[in-house]
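In: Model the following, please.
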Amino acid sequence: MFRCLNLLLLLFCFIYQSGTPPVGTRTIPVSGKKGENITLPCEFEVKKISDISLYSRSKNIPVCPTEECSGRVFKQRNCDVVFRDLSFSDAGKYIMKVYYNNDQTELKQQIRTYQLHIHDEISVKTGEEHKLDVLSNANQVVHCTKNRTSWREVWSRSSGAQSDLLTDTDGSLTIKEFTANDAGTYRVLDHEGEILITVTVTESDTESKGKHYNTDDDETDNTRQHIVWFWVTIVGLTIVLLVLAWIMLPVIKK
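Out: Sure, this is the predicted structure:
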């Protein structure tokens, strides 16, 4: 009985030290827009922090100690971690280990787990090709149009693109020729069904088609025409005034 308890205790310690969150650890959801900054809140008030480690998919993410660093990921305040200029490849699960000294100067460890979701909104012209760089960590991509409430799979890691109008190359899902049916919301899911990325795609305003936008040459020609008409008007008014004066002169003399 005691041997079994010891084995369970050793197993628990191994899991704790290996970086895998213990059962029951709460995952903190964090959401941000592509191209902007996002903060993974540490919410840990101990001041004697000796080190911070950040992992994603078993890969160590270097964390700069200050904002002045050239890297995209840096520490802020006590132990918050900031991502600068978010990209779709940043989406996913992160594990943060915070090492600190307690009152007895023993090195302790706190673990935080985050699920980073990235969203974006884009507008695409009809007939235009568009790339969604969303497949680097994806297991599945689903699509929902404005007029539907259900989600339809358009790509999966095992089967690839589900339509001849889509291609997947170099981590990108490409819409060959955008139509109104391609508009809507795209969700990128990981192997656990967690949402990594949400992209809202709208059809760009087509009212501008056929409109003429002035170039610099057009503006120059317009300016010249205005000047010509100005002088024509001045000369015309001068002639009219001279003619009226010539007509009225005999009347004035009488």
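
In: Skipping adjacent residues, who's closest to the spatially most central residue of the chain in space?
Out: By CA atoms, centre = their mean, the chain has its centre lying nearest to K34, at 1.5 Å. Spatially, and ignoring its direct neighbours in sequence, K34 is nearest to D120 (4.1 Å; CB to CB, 6 or more residues apart in numbering). Glycine gets a C-beta too; all of them are placed from N, C-alpha and C.

In: Please state the backbone phi and psi of W231?
Out: Dihedral pair for W231: phi -70, psi -30, per degrees, to the nearest 10.

In: Quick check: it vs V243, distance?
Out: For W231, the distance to V243 (CB to CB, to the nearest Å) stands at 19 Å.

In: Look up which helix or strand F230 falls in, please.
Out: helix 216-253 (DSSP states H and E).

In: ok, longest strand in the chain?
Out: strand 107-124 (DSSP state E).

In: Direction included, what does the following helix or strand past that strand pair against?
Out: Remark: after strand 107-124, the chain's next helix or strand is strand 130-132, criterion DSSP H and E. Looking at strand 130-132 with DSSP bridges, its partner strands are strand 172-175 (antiparallel).

In: from the chain's centre, how far out does the partner strand sit?
Out: Here the centre of strand 172-175 is set off from its chain's centre by 16 Å, with CA atoms, centre = their mean, to the nearest Å.

In: one step back: got a list of what the residue nearest to K34 touches?
Out: By CB atoms under 8 Å, 6 or more residues apart in numbering, D120 lies in contact with K33, K34, G35, F88, I197, T198, V199, T200.

In: quick one: the strand or helix carrying Y99 to strand 107-124, angle?
Out: Using DSSP H and E, Y99 maps to strand 92-101. Relative orientation of strand 92-101 and strand 107-124, computed by axes from the mean of the first three to the mean of the last three CA atoms, to 10 degrees: 150 degrees.

In: contacting residues around strand 92-101?
Out: So strand 92-101 is in contact with 19-21, 27, 40, 42, 44, 46, 48-57, 61, 79, 81, 107-116, 137, 190, 194, 196, going by CB under 8 Å, 6+ apart.

In: Point out where the stretch 1-150 of the chain drops to low pLDDT.
Out: 1-25, 46-47, 102-107 (pLDDT under 70).

In: all helices of it, in order?
Out: 2-18 (DSSP state H, counting those that start in this stretch).

In: what domains does the record give for this structure?
Out: 24-117, 125-203 (automatic domain parsing).

In: now these in a markdown table, with distance to L237?
Out: Shown next, in a markdown table, are the domains of the chain (distance: least, CB to CB, whole Å):
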| stretch | distance to L237 |
| --- | --- |
| domain 24-117 | 58 |
| domain 125-203 | 50 |
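
In: nearest to L249, of the ones you listed?
Out: domain 125-203 (68.2 Å; CB to CB).

In: can you give me the end-to-end distance of the closest one?
Out: Terminal residues of domain 125-203 are spaced 6 Å apart (CA to CA, to the nearest Å).

In: ok, which stretches of the stretch 51-200 of the chain are strands?
Out: Listed in chain order, the strands found in the stretch 51-200 of the chain under DSSP state E, counting those that start in this stretch are 59-61, 73-76, 80-83, 92-101, 107-124, 130-132, 140-144, 152-156, 160-161, 166-169, 172-175, 184-189, 195-203.
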